[in-house]
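K.L.:
Need the 3D shape of this:
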Amino acid sequence: MKKVIDTLKNAFFYTTAIFTAVTAVFMLVFMMQGMENMHWIDIGVLNCSLVFAAISGVCIAVVGAFKKIPAIFRYIINFVLSYAALFLWFKMLSATASNVLPSHFFMISTVYAVIFALVALVAALFGRLSAENKNGETENKEYEGVFSDVKKEN
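P.N.:
A predicted model of the protein is given here:
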């Protein structure tokens with residue numbers, strides 16, 4: 001039960017983080033274009049973004065629950081599942097907003113792939129560094145033999 005609760009907690013964390021990042025990117029793009037285009041972001045766009053964030057967050061949390069899968073394969077599985085969520089998000093977004101063209105998907109998916117690769121690289125580096133720190137701490141401890149008392153008695 002604890003593993004299920006931890007997975008749900010991670011899913012909500014990832015969903016919140018992804019939705020916040022997507023919304024921040026939308027706001028930055030609109031601020032760079034000028035305030036006259038701000039009317040384009042409506043509740044439908046935010047709903048589409050929330051669906052994308054929820055699907056991606058759940059996929060990342062569920063795949064992350066399987067610790068025996070090597071990290072590189074987890075990143076690949078996460079990318080494929082979140083890319084499918086991105087495609088669904090774009091289809092929902094193009095149905096909501098008429099000025100979204102199919103050619104925009106290439107640009108969005110390229111930016112998404114680069115951002116995903118950068119985040120995965122940083123996560124892998126921090127994971128590697130924390131694993132090295134954990135190993136370094138255990139190696140510095142002095143070894144005490146479990147059977148040292150038994151050997152001394154004989």
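K.L.:
so V58 is in which element?
P.N.:
Assessed by DSSP states H and E, V58 sits inside helix 43-65.
K.L.:
Check which residues of the helix or strand harbouring R128 are buried.
P.N.:
Element membership of R128 [criterion: DSSP H and E] is helix 103-140. Residues of helix 103-140 classed as buried by neighbour count (16 or more other Cβ atoms under 10 Å): F105, Y112, F116, A120. For glycine as for every other residue, the C-beta is placed from the backbone atoms N, C-alpha and C.
K.L.:
Remind me what the helix holding V58 packs against, helices and strands.
P.N.:
helix 2-33, helix 71-96 (3 or more Cβ pairs under 8 Å, 6 or more residues apart in numbering; DSSP states H and E).
K.L.:
Show me the contact partners of that helix.
P.N.:
Under the criterion Cβ atoms under 8 Å, 6 or more residues apart in numbering, residues 3, 6-8, 10-19, 22-23, 26, 69, 74, 77-78, 81-82, 84-86, 88-89, 92-93, 96-97 lie in contact with helix 43-65.
K.L.:
One more pass at 7 Å, please.
P.N.:
The list of residues contacting helix 43-65 from outside it, by Cβ atoms under 7 Å, 6 or more residues apart in numbering, reads 3, 7, 10-11, 14-15, 18-19, 22-23, 74, 77-78, 81-82, 85-86, 88-89, 92-93, 96-97.
K.L.:
That one versus helix 103-140: what angle between them?
P.N.:
Angle between the axes of helix 43-65 and helix 103-140 is 30 degrees (criterion: axes from the mean of the first three to the mean of the last three Cα atoms, to 10 degrees).
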